[in-house]
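**Q** Following is a predicted model, sequence given first.
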Amino acid sequence: MRSRPFRVVNVAIDGRLMLYRRAGISLYTRRLVQAMAALQDSEVHLTVLLDRRDADASWVPASVPILRTLTPAHHATEPLALPVELAVLSLRKGPFQLVHFPDFIACRGSFRKVITIHDLYFMEHPEVMSPDAARYYGHIRASARRADHIIAVSHFTCQDAVRLMPEVAPDKISVIHEAADLPASPTALAINHTPYALFVGTFEPRKNLKTLLHALALASPQIKLTVVGEAGWVDNEPARLAQDLGLQGRVSFAGRVSDAELDTLYQQARVFVFPSLSEGFGLPVLEAMSHGVPVICSDAGALPEVAGDAALLHPSTDAALLAQHLNQFWFDEALHKQYQQRSLQRATQFSWHTAAQETLGIYKRLCA
């Protein structure tokens, strides 16, 4: 009996956002592409779409071709321009059977469409978005209807999608958790003997830096804070608040850092703090845990799902309890060591390898 030949599925993954942002959705896209390429699945041929102006393609695996696009991510003309450009690219380079849009919004086209939904907090709280973001993400309902399949990064996000968009069939959504990278060897890093609490995230209202700074003002004056992240649509507000609270000398704003620098900052942190008002997943929490850093995070959104029993939780706006948790991890060595072990154990329960396998499975099922 002759074996049935398998069909190679040509998949394009939209990485155009990488030009503007390296964290968040862009980090998810990089890690997922790298993990899928590492599996060397002969049934799926991956291609990455990058903005023509993006000079840093060093993260793209050598086995994955790159196609440069003219249409910028989030541009007002994108709904009209991107479908035309993808049609032209398909004619020149061969047709895509499927395009994966990790940044929520799928354009029109004759190909199969997969979108990733990271969270839907903005649907009920539009005030957390800039006008440009509101215009772009306001297409989420149409995108969810247009998509052939939806990846939700947590059960919480999946439940929100079903609740907020009842027109979307629940069986059209798969939950695929994100994961954290394996940390670099500590022996390869310079050691900083000054302890600090660490926050990693974009400067935007939802990340709730306001509560963290108020908590720091209530906590022991020995505790210092390092804030890592890119400016969102709120720029200098955290720095101004830190000054108003008299935290000069206790807060360091590191801005945007390289992957290697971030790895070092995680390695050397005494505690990681993440008081977000809501998260669809909360990858920085898992990144900190993979480095064995005790974690304090809010009990909002998917954070309890991700953290499990490996973090001290607090209501998002409870600065007093957050300050208490900071003091506990700062001065109670037994508690600190206990949560170091819990963090490491929790991080092992999430894997990019698994996420890649499950995502490739979706591609192949849709194109079978």
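**A** Here it is on my side, so go on. Here the structure is a predicted model, which means the values were calculated and not measured. Numbers count the residues shown, from 1 in each chain.
**Q** so who does residue 48 touch?
**A** Taking C-beta atoms under 8 Å, 6 or more residues apart in numbering, we find residue 48 in contact with 12, 13, 15, 33, 60, 64, 65, 66, 67. Quick note: C-beta positions are derived from backbone N, CA and C, even for glycine.
**Q** Make CSV out of those residues and add pLDDT and neighbour count.
**A** Formatted as CSV, these follow (pLDDT from 0 to 100; neighbours: other C-beta atoms under 10 Å):
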residue, pLDDT, neighbour count
12, 97, 24
13, 98, 23
15, 97, 28
33, 98, 23
60, 97, 21
64, 97, 16
65, 96, 12
66, 96, 12
67, 96, 17
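**Q** ok, of the residues you listed, which one's closest to residue 340?
**A** Distance to residue 340 across these (C-beta to C-beta) is lowest for residue 33, with 31.2 Å.
**Q** quick one: the closest one and residue 215, what's the gap?
**A** Using C-beta to C-beta, to the nearest Å, one obtains 37 Å as the distance from residue 33 to residue 215.
**Q** which other helices and strands contact the least confident helix or strand in the chain by mean pLDDT?
**A** Comparing helices and strands within the chain by mean pLDDT, DSSP states H and E singles out helix 237-244 as the least confident, with a mean of 88. Packed against helix 237-244 by the contact rule (3 or more C-beta pairs under 8 Å, 6 or more residues apart in numbering; DSSP states H and E) you find helix 209-218, strand 251-255.
**Q** winner for burial among those?
**A** Among the helices and strands packed on helix 237-244, helix 209-218 has the highest mean neighbour count (mean count of other C-beta atoms under 10 Å), at a mean of 22.
**Q** quick one: that helix to helix 237-244, angle?
**A** Helix 209-218 runs at 20 degrees relative to helix 237-244, counting by axes from the mean of the first three to the mean of the last three C-alpha atoms, to 10 degrees.
**Q** Quick one: mean pLDDT for helix 209-218?
**A** Helix 209-218 shows a mean pLDDT of 96.
**Q** Who are the packing partners of it?
**A** With contacts taken as 3+ C-beta pairs under 8 Å, 6+ apart, helix 209-218 sits against strand 197-200, strand 225-228, helix 237-244, helix 319-331.
**Q** Can you name the next helix or strand after the longest strand anywhere in the chain?
**A** Secondary structure of the chain per DSSP state E: the longest strand is strand 44-51. Next in sequence after strand 44-51, counting helices and strands by DSSP states H and E, comes strand 66-69.
**Q** Note down every partner strand of that following strand and its orientation.
**A** In the sheet containing strand 66-69, its partner strands are strand 44-51 (parallel), by DSSP bridges.
**Q** and the strand it pairs with, average pLDDT?
**A** On average, strand 44-51 scores 97.
**Q** tell me which residues in the helix or strand containing residue 267 are buried?
**A** Secondary structure from DSSP H and E places residue 267 in helix 259-268. Within helix 259-268, the residues scored as buried using 16 or more other C-beta atoms under 10 Å are 262, 263, 264, 265, 266, 267, 268.
**Q** As JSON lines, these with distance to residue 77 and pLDDT would be great.
**A** Formatted as JSON lines, the buried residues of helix 259-268 follow (distance: C-beta to C-beta, whole Å; pLDDT from 0 to 100):
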{"residue": "262", "distance to residue 77": "34", "pLDDT": "91"}
{"residue": "263", "distance to residue 77": "38", "pLDDT": "91"}
{"residue": "264", "distance to residue 77": "41", "pLDDT": "92"}
{"residue": "265", "distance to residue 77": "38", "pLDDT": "95"}
{"residue": "266", "distance to residue 77": "39", "pLDDT": "95"}
{"residue": "267", "distance to residue 77": "43", "pLDDT": "93"}
{"residue": "268", "distance to residue 77": "45", "pLDDT": "94"}
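**Q** ok, which stretches of the chain are helices?
**A** 25-39, 78-93, 121-124, 131-137, 140-146, 155-164, 209-218, 237-244, 259-268, 283-290, 303-307, 319-331, 333-347, 352-366 (DSSP state H).
**Q** which ones are touching the residue lying closest to residue 317 once chain neighbours are set aside?
**A** Closest residue in space to residue 317, ignoring its immediate chain neighbours: residue 211 at 5.4 Å, by C-beta to C-beta, 6 or more residues apart in numbering. For residue 211, the contacting residues are 275, 316, 317, 318, 319, 322, by C-beta under 8 Å, 6+ apart.
**Q** Good, wrapping up.
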